[in-house]
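just the structure for this:
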Amino acid sequence: MSDLTPHEDRESMILDGYEGPLGPDEVADAELLASILADSSSWAEPRDDLEDDIVSALEHEAPARARTPWFSRRLFMVSTAAAAIVLLIAAVVVIRKDPSNDFDAKLTATELAPTAHGKSEIAHNNAGFRIEMYAHDLPVLHAGEYYQAWLKNAAGVAVPIGTFSSSDDHVTLWSGVSPEVFPTMTVSIESTDNNQGPSGRVVLVGNVERT
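The predicted structure is shown next:
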């Protein structure tokens, strides 16, 4: 068993392979690298700018002195390790994502909301059809109003797939009917008037297509 403390052990690993005595600056650099590696936040789920933060921290610690070849090599190793961690976690996130969409829909505006636009991504699973809708620039609703999304078939039969109140964020909707049979998606403004059918006040419309 090693008699070194964990911090000393990290420094020993950093210095592994270096030949010759270290100067005071290089000793300080090794201690700094060991401290960064010991910080648990360095190994948490990284932000997109993690690698830049590590490099900036190292440069901030010793801005006045020139970098030695030894330090440059070690800095490259730490930066490369940080980048590798970012890529690894990104790969895990991609693997854990839902399977590819089965259907997509591009939603265009009507005269009631001429600047609006949006899209929907639809994935089929055992519960039905999960719909991620991204709508933008929908008008602000009045009191007692809400947005209702629908799927319609060629005969004009409309099936409600969910409600929402604004286009400030994307919404998750669900359908129990297949977009292949009900291939038209619309969004309308509805009122709390106990009428369960579409109001006809359509603000977005688009065709659903298999990807």
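
so residue 205 is in contact with residue 105, correct?
No - using CB atoms under 8 Å, residue 205 is not in contact with residue 105, being 9.4 Å away. In this view, the C-beta of every residue, glycine as well, is placed from N, C-alpha and C.

which neighbours do the two have in common?
Common neighbours of residue 205 and residue 105, counting by CB atoms under 8 Å, 6 or more residues apart in numbering, are residue 185.

residue 106 bridge partners, please.
residue 119 (DSSP bridges).

what about it, neighbour count?
Per other CB atoms under 10 Å, the neighbour tally for residue 106 reads 14.

distance of it relative to residue 38?
50 Å (CB to CB, to the nearest Å).

quick one, helices of this protein?
Taking DSSP state H to define them, one finds helices in the chain at 6-14, 24-38, 50-61, 69-96.

distance check, residue 190 against residue 158.
The gap separating residue 190 from residue 158 is 12 Å, by CB to CB.

isn't residue 160 right up against residue 152?
No - Residue 160 is beyond contact range of residue 152, at 10.6 Å (criterion: CB under 8 Å).

so what sits against both of those two?
Contact criterion CB under 8 Å, 6+ apart; residues shared by residue 160 and residue 152: none found.

in the chain, where is pLDDT below threshold?
1-27, 29-30, 33-34, 36-37, 39-51, 53-99 (pLDDT under 70).

how is it divided into domains?
What automatic domain parsing lists as the domains of the chain is 6-96, 103-210.

how many neighbours does residue 167 have?
Quick note: residue 167 (other CB under 10 Å) scores 23 neighbours.
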